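# One predicted model, sequence on top.
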Amino acid sequence: MIKKNFYNLHSDICKTIGNPVRQAIIDTLRSRELTVTELVNETGITQATISQHLAILRNRGIVNSRRDGNNIYYSISNPKIIQAYDLISEVLQKTFQDKHKVINDAIEENK
């Protein structure tokens, strides 16, 4: 039963960071804190959408928020989140390299 609870928590985090909009936010926040306006300018995603997804990321503990006057700054809560993002990116790159090789080999064989 302990493992089941762990798997549920693990799944929740994976689902949270598995959304493309949230991935864009995480990637943009990777090395600095930004306001919603700055995130909108850097990602091209609407303010309403950014705010909605930041709330989810904040509730799941993926990002922190800090108020400074009228601005709220968002940052990644744990550098391991960026490491996980980068590791998944490396897996994706390797997977597509392998698939690309299989396709190219098959095309060359048919010539």
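In hand now; what should we look at?
# Pretty sure I72 sits in a helix.
No. Assigned with DSSP: H, G, I helix; E, B strand; the rest coil, I72 falls outside any helix and is strand.
# tell me which residues form a beta bridge with it?
Per DSSP bridges, the residues bridged to I72 are R67.
# Isn't it up against T37?
No. Contact between I72 and T37 fails when scored by C-beta atoms under 8 Å: they sit 10.1 Å apart. From N, CA and C alone the C-beta is placed, and that goes for glycine too.
# can you tell me how far I2 sits from S65?
For I2, the distance to S65 equals 32 Å [C-beta to C-beta, to the nearest Å].
# Of the two, give the one with the bigger neighbour count.
S65 (16 against 6; other C-beta atoms under 10 Å).
# Which one's more surrounded, I72 and T37?
Shown here are I72 and T37; by other C-beta under 10 Å, I72 has more neighbours (16 against 11).
# Skip the chain neighbours and tell me the closest residue to the residue positioned nearest the centre of the chain.
Nearest to the mean C-alpha position of the chain, counting by C-alpha atoms, centre = their mean, stands Q23 at 2.5 Å. Nearest residue to Q23 in three dimensions, chain neighbours excluded: I17, at 6.7 Å (C-beta to C-beta, 6 or more residues apart in numbering).
# any idea which element the residue lying closest to S77 once chain neighbours are set aside lies in?
Using C-beta to C-beta, 6+ apart and skipping residues adjacent in sequence, the residue nearest S77 is N64, 4.8 Å away. For N64, the enclosing helix or strand under DSSP states H and E is strand 63-68.
# now for that strand, which elements pack on it?
Judged by 3 or more C-beta pairs under 8 Å, 6 or more residues apart in numbering; DSSP states H and E, strand 63-68 is in contact with helix 47-59, strand 71-76.
# Tabulate the ones you listed (JSON lines), appending mean pLDDT.
Formatted as JSON lines, those follow (pLDDT from 0 to 100):
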{"stretch": "helix 47-59", "mean pLDDT": "97"}
{"stretch": "strand 71-76", "mean pLDDT": "97"}
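# can I get the ones you listed in a markdown table with distance to F6?
Below are the helices and strands packed on strand 63-68 laid out as a markdown table (distance: least, C-beta to C-beta, whole Å):
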| stretch | distance to F6 |
| --- | --- |
| helix 47-59 | 20 |
| strand 71-76 | 23 |
